[in-house]
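Build the 3D model from these lines:
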Amino acid sequence: MPVNIPDSLPAKALLEAENVFVMGESRAVAQDIRPLRILILNLMPLKIVTESHLLRVLSNSPLQVEVELLMTSGHTHRNTPQEHLLAFYRQFDEVRHRYFDGMIITGAPVELLDFEEVTYWKELQEIMDWSKEHVTSTFHICWGAQAGLYHHFGLKKYELGKKLFGVYEHEVLLRTEPLLRGFDDVFTAPHSRYTEVREADIEACKGVVLLTRSAEAGPYIVISEDRRQIFVTGHPEYEANTLGEEYWRDVNKGMEMAVPDYYYPDNNPEKAPRVTWRSHAHLLYSNWLNYYVYQSTPYKLGELE
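Numbering: from 1, shown residues only. Just a heads-up that it's a prediction; the model follows:
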């Protein structure tokens with residue numbers, strides 16, 4: 001089944017050109033189906049790019065998904081056209097009275113700031129608290145995962161000596177977890193960050209379980225014991241060229257940047273990258289939608305326990 005999005009959202013034409021099954025809202029309203037309502041809190045500066053990334057991985061499911069986009073009010077959004085924000089995004093006050101089957105909280109390029117220094121931190125805390133009563137399952141990505149682990153469980157983030165940047169191998173630790181159903185013993189995923197959450201802290205924390213890890217990238221997928229909060233420290237939704245675009249952007253700024261690890265053949269940035277994580281990404285999001293949203297959400301939203 002498709003992802004339901006506004007007819008005029010730029011990602012719709014892009015995804016249709018890739019043969020990704022999306023459905024405009026005008027067609028979706030004619031179907032007698034109760035779709036899963038997914039709220040995306042998009043904290044990334046290039047919001048249109050992030051929308052496309054997430055809609056791709058949400059589309060690979062037999063479930064019909066209706067997506068709404070949310071932005072913070074306590075921040076100036078300079079990298080996305082104002083008309084796009086006005087047309088497609090809501091602010092928290094517009095949705096706080098509603099209930100959603102699932103929610104995604106994206107990363108943000110603010111890792112080197114203390115959480116309390118982030119301009120929208122108080123609003124994000126309010127949204128994360130609200131999600132526990134109004135959302136069946138919340139999926140946190142990269143900095144969003146670090147923010148969620150800190151807010152909900154007090155887990156600190158630590159600055160790395162250098163940027164963790166590349167595509168790394170990971171291992172499955174809990175084979176029986178439905179989120180990992182169908183995963184290979186070893187799989188890859190992209191990371192792009194300056195901070196980390198440490199495995200020892202996770203293991204010592206009551207209320208969370210470490211599901212997968214990497215010898216080089218550290219903890220990757222963490223889940224709350226009640227299975228309603230998922231924290232993913234990398235970027236499985238990244239497209240083939242995303243790390244490369246980040247690399248060349250910074251090189252062109254005159255920054256000293258290492259080539260992303262295990263990304264380019266022969267470590268040569270003049271070659272096209274080889275994608276090794278796409279199947280894992282689609283499986284991760286499909287499992288989340290099936291086992292943690294669809295199988296758990298009440299038919300009538302608002303009846304969350």
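
Quick check: which element contains residue 147?
Using DSSP states H and E, residue 147 sits in helix 143-153.

before we move on, what about residue 101?
In this assignment (DSSP H and E), residue 101 forms part of strand 100-105.

Could I get the buried residue list for that strand?
For strand 100-105, burial by neighbour count (16 or more other CB atoms under 10 Å) applies to 100-105. (Each C-beta comes from the backbone N, C-alpha and C, glycine too.)

tell me the two of those that are most distant?
Maximum pairwise distance among those (CB to CB): 15.0 Å, between 101 and 105.

residues in contact with the helix or strand hosting residue 125?
In this assignment (DSSP H and E), residue 125 forms part of helix 121-134. Applying CB atoms under 8 Å, 6 or more residues apart in numbering, the contact partners of helix 121-134 are 41, 43, 70, 72-74, 92, 96, 98-100, 103, 105, 115, 118, 138, 147-148, 151-152, 228, 304.

what does stretch 276-296 give?
Stretch 276-296 is touched from outside by 36, 38, 57-58, 60-61, 63, 65, 101-102, 136-137, 139, 167, 178-184, 187-190, 221, 227-228, 230, 232, 236-238, with contacts defined as CB under 8 Å, 6+ apart.

Now with 6 Å, please.
The contact list for stretch 276-296 (CB atoms under 6 Å, 6 or more residues apart in numbering) reads 36, 57-58, 60-61, 63, 101-102, 136-137, 139, 178-179, 181-182, 187-189, 236-237.

got the angle for the helix holding residue 147 vs helix 121-134?
Per axes from the mean of the first three to the mean of the last three CA atoms, to 10 degrees, the angle that helix 143-153 makes with helix 121-134 is 70 degrees.

buried set for helix 143-153?
Within helix 143-153, the residues that count as buried by 16+ other CB under 10 Å are 143-153.

Helices of the stretch 201-305 of the chain, residue ranges please.
Assigned by DSSP state H, counting those that start in this stretch, the stretch 201-305 of the chain shows helices spanning 242-252, 278-287.
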